[in-house]
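Peer 1: Let's see this in three dimensions:
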Amino acid sequence: MGTVEAASKEANGSLTEKKSTVVFVLGGPGSGKGTQCANIVQHFGYTHLSAGDLLRAEIKSGSENGNMIQNMIKEGKIVPSEVTIKLLQKAMQESGNDKFLIDGFPRNEENRAAFEAVTKIEPAFVLFFNCPEEEMERRLLNRNQGRDDDNIETIRKRFKVFLESSLPVIEYYKAKEKVREIDAAKHIEAVFEDVKVIFTPKDEKATA
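Peer 2: The predicted model follows:
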């Protein structure tokens, strides 16, 4: 067994050699990005990786790493970027694919800088599901009746955190002309029509 560093270098090597395409998917809670990610996977052959799901799966596995993550979350600490990035790298390698939707990450500027530094991968673009707060609120309240973490105060806190931490990431990529913004207030089918335009190669659009 090599060291974590060696394994990480190995992971980097194979991922960058493969020339992976990475798309960051960002949007507030209730913006519908999960639904649209499933559509993109089905139609365009991407692998969908959710940072939150990977962390939860690691905790469930009962590994040393999982226990460490669980303790940090219990204590209200933020899981270090490197931990999440290593889980993402591992999942990317194990998928056997070279096109990835990374959902709910980077959550902040520090995540973003760490991802690029560790993986040496810059995203092809950022898919930003922009949805008015009132609409996201309405969807969450309708969708999750009876769920503890979806009362109005908690929802508003989640919006606030999203705005404060994720908007600087979106601004950073806007300056690089890498943000593809979607009006996520529309109906699911209409939103996916807009998404398809972004993911369809230009030469296919010309012949369509």
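Peer 1: Asn108 against Ser165, yeah?
Peer 2: Yes. In this structure, Asn108 is within contact of Ser165 by CB atoms under 8 Å, at 4.1 Å. Where you see a C-beta, it was placed from the backbone N, CA and C, and this is true even at glycine.
Peer 1: next SSE after the lowest-mean-pLDDT helix or strand in the chain?
Peer 2: Lowest on mean pLDDT, DSSP states H and E among the helices and strands of the chain sits helix 4-17, with a mean of 47. Reading on from helix 4-17 to the C-terminus, the next helix or strand found by DSSP states H and E is strand 21-27.
Peer 1: What is that next one packed up against?
Peer 2: Packed against strand 21-27 by the contact rule (3 or more CB pairs under 8 Å, 6 or more residues apart in numbering; DSSP states H and E) you find helix 33-44, strand 99-103, strand 125-130, helix 152-175.
Peer 1: closest one to Glu193 among the ones you listed?
Peer 2: Between Glu193 and these, the shortest gap by CB to CB is with helix 33-44, which sits at 10.4 Å.
Peer 1: buried sites along the closest one?
Peer 2: 33, 36-37, 39-40, 44 (16 or more other CB atoms under 10 Å).
Peer 1: Which one, of the helices and strands packed on strand 21-27, ends up nearest to Asp183?
Peer 2: Closest approach to Asp183 among the helices and strands packed on strand 21-27 is made by strand 125-130 (6.4 Å; CB to CB).
Peer 1: what angle do the next helix or strand along the chain from that closest one and strand 21-27 make?
Peer 2: Going down the chain from strand 125-130, the next helix or strand is helix 133-143, by DSSP H and E. Helix 133-143 runs at 90 degrees relative to strand 21-27, counting by axes from the mean of the first three to the mean of the last three CA atoms, to 10 degrees.
Peer 1: list the buried ones in helix 133-143?
Peer 2: Buried residues in helix 133-143, counting neighbours by 16+ other CB under 10 Å, are found at 135-137, 139-140.
Peer 1: Okay, Arg138 and Phe24: tell me how far apart.
Peer 2: Plainly put, Arg138 is 26 Å away from Phe24 if you go by CB to CB, to the nearest Å.
Peer 1: Ok, Glu171 next?
Peer 2: Glu171 sits at a distance of 13 Å from Phe24 (criterion: CB to CB).
Peer 1: swap in His43?
Peer 2: Distance, His43 to Phe24, by CB to CB: 19 Å.
Peer 1: Please apply the same query to Gln93.
Peer 2: For Gln93 relative to Phe24 (CB to CB), the value is 19 Å.
Peer 1: between those two, which one's more packed in?
Peer 2: Phe24 (26 against 16; other CB atoms under 10 Å).
Peer 1: Quickly list what that one is bridged to.
Peer 2: The partner list for Phe24 in beta bridges (DSSP bridges) reads Ile102, Val126.
Peer 1: got a list of what it touches?
Peer 2: Shown in contact with Phe24 (CB atoms under 8 Å, 6 or more residues apart in numbering): 102, 105-106, 123, 125-127, 169, 173.
Peer 1: Where does pLDDT dip in this structure?
Peer 2: Applying pLDDT under 70 to the chain flags the ranges 1-18, 144-150, 202-208.
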